[in-house]
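*Asks:* No letters, just coordinates:
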DNA sequence: CCTGGAGTTGTCCTA
DNA sequence: TTAGGACAACTCCAG
């Protein structure tokens, strides 16, 4: 009788270039499982939009596995040893995860399996460089991106080439275990939220879709990426973030696909290098979270603990619902709510607005994004918010405050992004599209805009709030 | 050991 | 109209 191994799928919902799955395949029969773990995740329980994604991704994975994926909900600490004993499995494999709570959990799971005499092997399936390997010469972690990436990553061993897809998986038929679509549905990942339709109309989920999106990006987005990535109405960004987060595609596959284009000289070197460095930012975030497990909650720069944040439910609600009266901000926030995604340029604009103009704590932004993003990732989300708030590693300088009017005019010059998400002002001419309150009464009337009625007046004065923020940030310096 | 230069993403004022 | 400097402090690294 062939030996049986369990492959525990987590953030590696794919068959190709999956090191842990390949390892299990060499051992014999495989029982592929997924465990929804809301027990150990604590305050980082998967958010609503991400649950939607996860549901569909599991369905796709199950299809690829011919309906033989077995899913559970509960504590892997209890489930895995039990299951392994029941099947007399001799091996459990998984690809490593890097969030602090997962590391803690996996360490315990591994120990308890090994106590039962079961072999556990874990692999790198999610990052290009292991976070503990990227270190300065003195052994300490980097706190600045450029040396981290150039010296720490680029001058190290290059990322491995993706493995070929394992052609035949010998899947274990677990007759007494429930599998298939019904059991995925029973995880209850889908909520009745009204934005689910928007998600369905925006995304194709799963490994096949991820590969297709990569090709689409290579053919249509990569050329001109360096500049085009700043314009939300253009199609230069990859939109791979949710696929990468859930491991529907490996970063190695993406990395080498872009590298190959680079050597084919079909696209500009600058464009390729710039995109690769964005993958570098993903690595930097993972590394930061690995090194500073408190990153999601604690300011990396402790002097920010005394910052004079405001408390204002009305302003927070206006921000969340895309009703600030600043069209570019509202467009971004509505894109998020509608599609579970926000263009990178907009993440900076709305982040700067929340933290600097409204002066509300970055935690509010972080947790709203966590719930709304299909690509919500603990490392990227918390390091991103700390960056924009100025309290993180290699953070934005305090005086870098985005002006929502200028940013709109500069990066959405045709106004098509704003018009798509803020239709009630779509008839305003470009001159006033980013600042409707400056439009003459006559123009407003002709455009069917009634400020304060069908579109809000600005919730704060951008000039006044900027000055106040600068003062607040200066106070922080003096006090130190 | 010291020293100097450089560092994702901006804005405003002045000349 | 446009270009340049100010707006900090700190981290990293090469020389």
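*Replies:* All right, it came through fine. Quick caveat, the model's predicted, so the values are computed rather than measured. Residues are numbered from 1 along each chain as shown, chains lettered A, B, ... in the order given.
*Asks:* So which bits of chain A are right by DNA strand C?
*Replies:* When proximity is defined as C-beta under 7 Å from any atom of the strand, chain A approaches DNA strand C at A:136-137, A:140-144, A:147, A:151-152, A:397-399, A:474, A:477, A:480. To be clear about C-beta, it is placed using only N, CA and C from the backbone, and glycine gets the same treatment.
*Asks:* cutoff 6 Å now
*Replies:* Residues of chain A lying near DNA strand C by C-beta under 6 Å from any atom of the strand: A:136-137, A:142-144, A:147, A:151, A:397-399, A:474, A:477.
*Asks:* what does the helix or strand harbouring residue A:94 rub up against?
*Replies:* Element membership of residue A:94 [criterion: DSSP states H and E] is strand A:91-95. With contact meaning C-beta atoms under 8 Å, 6 or more residues apart in numbering, strand A:91-95 is reached by A:3-12, A:18-21, A:23-24, A:27, A:80, A:84, A:106, A:113, A:118-126, A:247.
*Asks:* mind checking the SS state of the residue nearest to residue A:267 when sequence neighbours are not counted?
*Replies:* Sequence neighbours aside, residue A:223 is the residue nearest to residue A:267 in space, at 4.5 Å (criterion: C-beta to C-beta, 6 or more residues apart in numbering). Residue A:223 carries the three-state label coil when classified by DSSP: H, G, I helix; E, B strand; the rest coil.
*Asks:* still on that earlier bit, select only the buried ones of the contacts of strand A:91-95 in PyMOL?
*Replies:* Buried members of the contacts of strand A:91-95, defined by 16 or more other C-beta atoms under 10 Å, are picked up in PyMOL with:
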select buried, chain A and resi 4+5+6+7+8+9+10+11+12+18+19+20+21+23+24+27+80+84+106+113+118+120+122+123+124+125+126+247
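*Asks:* Filter the contacts of strand A:91-95 down to the ones in helices?
*Replies:* A:19-21, A:23-24, A:27, A:80, A:84, A:106, A:113 (DSSP state H).
*Asks:* hang on, isn't residue A:475 packed against residue A:398?
*Replies:* No. Using C-beta atoms under 8 Å, residue A:475 is not in contact with residue A:398; the gap is 10.7 Å.
*Asks:* Comparing the two, which residue is more hemmed in?
*Replies:* residue A:398 (18 against 13; other C-beta atoms under 10 Å).
*Asks:* Which of the helices or strands spans the residue lying closest to that one once chain neighbours are set aside?
*Replies:* For residue A:398, ignoring the flanking residues on the chain, the nearest one in space by C-beta to C-beta, 6+ apart is residue A:473 at 3.9 Å. Following DSSP H and E, one finds residue A:473 within helix A:462-479.
*Asks:* for residue A:366, same thing?
*Replies:* Per DSSP H and E: helix A:362-372 holds residue A:366.
*Asks:* other SSEs contacting that helix?
*Replies:* Applying 3 or more C-beta pairs under 8 Å, 6 or more residues apart in numbering; DSSP states H and E, we find helix A:362-372 packed against helix A:48-64, helix A:327-339, helix A:344-352, helix A:378-389.
*Asks:* Tell me the residues of the stretch 101-250 of chain A that contact DNA strand B?
*Replies:* A:144-146.
*Asks:* let's go with 10 Å and repeat that
*Replies:* Residues of the stretch 101-250 of chain A lying close to DNA strand B by C-beta under 10 Å from any atom of the strand are A:143-150, A:226, A:229-230.
*Asks:* any chance of those residues in a markdown table, plus secondary structure, neighbour count and pLDDT?
*Replies:* What follows is these, written out as a markdown table (DSSP: H, G, I helix; E, B strand; the rest coil; neighbours: other C-beta atoms under 10 Å; pLDDT from 0 to 100):
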| residue | secondary structure | neighbour count | pLDDT |
| --- | --- | --- | --- |
| A:143 | coil | 17 | 93 |
| A:144 | coil | 10 | 93 |
| A:145 | helix | 19 | 95 |
| A:146 | helix | 13 | 94 |
| A:147 | helix | 13 | 94 |
| A:148 | helix | 25 | 95 |
| A:149 | helix | 21 | 96 |
| A:150 | helix | 12 | 94 |
| A:226 | helix | 17 | 92 |
| A:229 | coil | 20 | 96 |
| A:230 | coil | 17 | 95 |
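*Asks:* Hmm, residue A:353 and residue A:326 touching each other?
*Replies:* Yes. Look at residue A:326 against residue A:353 with C-beta under 8 Å: they come within range, at 6.9 Å.
*Asks:* Overlap in contacts, these two.
*Replies:* Joint contacts of residue A:326 and residue A:353 (C-beta under 8 Å, 6+ apart) are residue A:404.
*Asks:* any idea how far residue A:453 is from DNA strand B?
*Replies:* 28 Å (C-beta to the nearest atom of the strand, to the nearest Å).
*Asks:* element containing that residue?
*Replies:* Using DSSP H and E, residue A:453 falls outside every helix and strand.
*Asks:* who's in contact with the residue of the stretch 251-400 of chain A found nearest DNA strand C?
*Replies:* Nearest residue of the stretch 251-400 of chain A to DNA strand C, counting by C-beta to the nearest atom of the strand: residue A:397, 3.0 Å away. Applying C-beta under 8 Å, 6+ apart, one finds that residue A:397 lies in contact with residue A:390.
*Asks:* let's see 6 Å
*Replies:* Neighbouring residues of residue A:397 by C-beta atoms under 6 Å, 6 or more residues apart in numbering: there are none.
*Asks:* likewise the one 5 residues further on?
*Replies:* Residues in contact with residue A:402, defined by C-beta under 6 Å, 6+ apart, are A:349, A:352.
*Asks:* One more pass at 7 Å, please.
*Replies:* A:348-349, A:352-353 (C-beta atoms under 7 Å, 6 or more residues apart in numbering).
*Asks:* Kindly report the same for residue A:334.
*Replies:* Listed by C-beta under 7 Å, 6+ apart, the contact set of residue A:334 reads A:322, A:421-422.
*Asks:* what would those residues look like in a markdown table with neighbour count, distance to residue A:415 and pLDDT?
*Replies:* Formatted as a markdown table, the contacts of residue A:334 follow (neighbours: other C-beta atoms under 10 Å; distance: C-beta to C-beta, whole Å; pLDDT from 0 to 100):
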| residue | neighbour count | distance to residue A:415 | pLDDT |
| --- | --- | --- | --- |
| A:322 | 22 | 16 | 98 |
| A:421 | 22 | 11 | 98 |
| A:422 | 25 | 10 | 98 |
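*Asks:* and which of these is nearest residue A:65?
*Replies:* Comparing the contacts of residue A:334 against residue A:65 with C-beta to C-beta places residue A:421 closest, at 37.8 Å.
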